[in-house]
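Colleague: predicted model and sequence below, questions to follow.
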Amino acid sequence: MNSPVRLLALSLCASLFLLAGRPPAALSQNLAAAEGPAYDEADEALYRQRFERLADPASGIGLPFYDTLQDVAGANPPQALVMAKMPRVSPDALEEAMEYAAKTNSTALLIWQDGLIQAARYFGDATAVTALVSQSLAKPLSVIAVGRAIQEGHFASLDESAANYFHEWRDTPKAAIRVRHFLDMRSGLLRQAPGTGIDDVLNRVYLHPRHDEILINEYPLVGKPGSRYDYANANSELVAPLIERATGEQYEDWVAEEVLKPLGAAGGQVWMNREGGTAHAGCCWLLPAETWLRLAILLINDGMAGGRRLLPEGFVREMSTATPQNPHAGMGVYVAGDYIRGRGAANPELPVGRTLHGEPYLADDLFLFDGNSNQVIYIVPSAGLVVARLGNRPPAGTEWDNAYLINTLLRGLDDEIRSGLRPQPLPAQD
């Protein structure tokens with residue numbers, strides 16, 4: 001526990017969106033660290049060490065390893081997922097999906113449909129128990145953690161003011177931020193962009209051993225909460241201290257006891273900002289592929305697991321419903337919406353960070369977890385289908401197509417299921 005672990009291409013989750021370029025000039029003044037409290041020299045020294053590990057702070061590639069990992073318990077033992085004796089996905093579709101996963105540097109591909117694993121394959125040295133770096137798959141986990149807290153009565157609702165827990169924000173413009181705004185990226189907090197230097201607040205909220213304090217006390221509000229969608233890791237990172245203040249539990253313990261164990265899921269590790277400090281919630285979790293799959297299964301089952309309601313009734317519907325400010329983003333997940341060939345996590349008006357969608361999804365109710373390195377978990381309620389792909393970015397010269405894998409598998413389902421699917425609509429023509 002808490003020993004250095006060498007990892008490939010670690011990054012602040014979905015940090016490819018750091019490549020979005022500079023924010024508008026009116027916001028540039030907010031990029032330098034705001035005047036805040038002085039931190040202990042030991043904390044500043046650790047921050048400098050982490051910063052120096054970044055080969056290029058603006059690249060989005062991130063740290064080569066996490067220096068403070070905390071074990072996170074799961075079910076002991078994890079519940080076994082049942083394999084289908086006769087898969088309902090055609091052999092040709094399964095073979096094509098596995099070939100695509102193999103050639104795109106995948107680590108794991110899991111295909112689940114109507115309660116049964118249709119196929120599972122691990123690549124390289126990975127196995128079913130390997131804790132995998134998951135990038136922004138941590139973001140829907142943070143949303144589920146909030147849903148559990150609402151179900152258990154720790155939040156009044158998604159529309160409660162975050163200032164009820166971040167008392168520092170009372171009687172300030174940040175008091176207008178609601179809990180839901182962290183989850184759907186509409187908080188008005190500074191959007192993600194390249195960190196320019198050691199004093200940049202964007203680097204400090206990633207690397208500093210007091211990153212939670214910097215988030216609460218220094219991270220700038222640049223817009224009216226609820227009025228605009230802007231991808232920012234800060235939104236998800238704030239969920240950890242929010243949960244801790246609302247529940248009185250450490251974030252990693254809340255996830256272990258209230259999410260992983262009730263799901264029968266294996267635990268893993270999470271990066272802590274310092275020994276005895278605060279876990280990262282927007283990135284930096286290491287969990288087996290099956291654990292991520294189980295989180296998606298919880299959502300396709302409307303927040304129910306083992307006959308027990310873990311998430312409030314209607315919560316999954318809210319998660320998977322787009323906001324007016326972004327027709328392709330819900331709370332921690334992305335939704336089908338109208339077909340666009342290139343789309344990503346940034347505000348739709350920003351021509352950056354876009355991922356290829358070679359054709360419309362074959363199911364308009366599809367929603368998905370999506371993290372850096374094209375790590376994706378597709379959820380298709382109308383087909384009872386969940387598909388998890390974890391791994392690294394495809395090799396140079398191979399472009400990831402975010403529609404190819406899931407459409408291949410949807411085409412491989414039997415006629416009865418396919419007849420009930422409605423394809424993703426094309427955008428209305430002017």
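Modeller: Perfect, I can see it now. Note that the coordinates shown come from a computational prediction; the quantities given were computed from them, not determined experimentally.

Colleague: my guess is A289 contacts I111. True?
Modeller: No. A289 lies out of contact with I111 (C-beta atoms under 8 Å); the separation is 11.4 Å. C-beta here means a position set from N, CA and C on the backbone, and glycine is covered the same way.

Colleague: helices along the stretch 301-430 of the chain, start to end?
Modeller: Assigned by DSSP state H, counting those that start in this stretch, the stretch 301-430 of the chain shows helices spanning 315-319, 404-411, 415-418.

Colleague: what comes up buried for the longest one?
Modeller: Meaning helix 404-411. 404-410 (16 or more other C-beta atoms under 10 Å).

Colleague: among these, which pair sits farthest apart?
Modeller: The most widely separated members of these are Y404 and L410, with 11.0 Å between them, by C-beta to C-beta.

Colleague: shared neighbours, the two?
Modeller: Residues touching both Y404 and L410 (C-beta atoms under 8 Å, 6 or more residues apart in numbering): none.

Colleague: check contacts around T398.
Modeller: Here T398 is in contact with 103-104 (criterion: C-beta under 8 Å, 6+ apart).

Colleague: give me phi/psi at it?
Modeller: Dihedral pair for T398: phi -120, psi 120, per degrees, to the nearest 10.

Colleague: now do it against E95, distance only.
Modeller: 19 Å (C-beta to C-beta, to the nearest Å).

Colleague: how far is the strand or helix carrying V255 from where the chain is centred?
Modeller: Per DSSP states H and E: V255 is located in helix 251-255. When C-alpha coordinates are averaged (C-alpha atoms, centre = their mean, to the nearest Å), helix 251-255 and its chain have centres 16 Å apart.

Colleague: where does pLDDT dip in this protein?
Modeller: The chain contains residues with pLDDT under 70 at 1-37, 55-61, 429-430.

Colleague: one more pass at 80, please.
Modeller: Applying pLDDT under 80 to the chain flags the ranges 1-38, 55-63, 428-430.

Colleague: ranges for the strands of the stretch 151-300 of the chain?
Modeller: 268-271, 285-287 (DSSP state E, counting those that start in this stretch).

Colleague: just those strands: most buried one?
Modeller: Highest mean neighbour count of those: strand 285-287, a mean of 26 (counted as mean count of other C-beta atoms under 10 Å).

Colleague: pairing partners for that strand, with directions?
Modeller: Next to strand 285-287 in the sheet, as set by DSSP bridges, lie strand 132-133 (antiparallel), strand 268-271 (antiparallel).

Colleague: so for R180, which of those sits nearest?
Modeller: Across these, closest to R180 is strand 268-271 (C-beta to C-beta), at 23.6 Å.

Colleague: then that closest one to PDB, C-alphas only?
Modeller: C-alpha atoms of strand 268-271 as PDB (Å, rounded to 0.1, in the frame of the first residue of the first chain):
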ATOM      1  CA  GLY A 268      -8.200  -1.800  -5.900                       C
ATOM      2  CA  GLN A 269      -6.300   1.500  -5.300                       C
ATOM      3  CA  VAL A 270      -6.700   5.200  -5.600                       C
ATOM      4  CA  TRP A 271      -4.200   8.000  -5.700                       C
END
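
Colleague: I377: neighbouring residues, count only.
Modeller: 26 (other C-beta atoms under 10 Å).

Colleague: ok now do it, which residues does it touch?
Modeller: Applying C-beta under 8 Å, 6+ apart, the residues near I377 are 137, 292-293, 295-296, 368-369, 386-389.

Colleague: again, only this time at 10 Å
Modeller: By C-beta atoms under 10 Å, 6 or more residues apart in numbering, I377 lies in contact with 110, 134, 137, 140, 289, 292-293, 295-297, 299, 333, 367-371, 386-390.

Colleague: bridge partners for it, pull those for me.
Modeller: Applying DSSP bridges, one finds that I377 bridges with F369, A388.

Colleague: so Q118 touches M98, yeah?
Modeller: No. Between Q118 and M98 there is no contact under C-beta atoms under 10 Å: 11.4 Å.

Colleague: of these two, who's got more company?
Modeller: Q118 (24 against 16).

Colleague: how much space is there between the nearest residue to A176 once chain neighbours are set aside and P173?
Modeller: Among residues not flanking A176 along the chain, P225 sits closest, at 4.4 Å (C-beta to C-beta, 6 or more residues apart in numbering). Distance, P225 to P173, by C-beta to C-beta: 8 Å.

Colleague: quickly list what's touching both of these two.
Modeller: G188.

Colleague: more neighbours: which of those two?
Modeller: P225 (21 against 12).

Colleague: who are the contact partners of A240?
Modeller: 142, 145, 211-212, 215, 250-252, 254-255, 270, 272-273, 277-282.

Colleague: let's see 8 Å
Modeller: 142, 212, 251, 278-281.

Colleague: out of these, who has the most neighbours?
Modeller: Highest neighbour count within these, by other C-beta under 10 Å: A281, with 31 neighbours.
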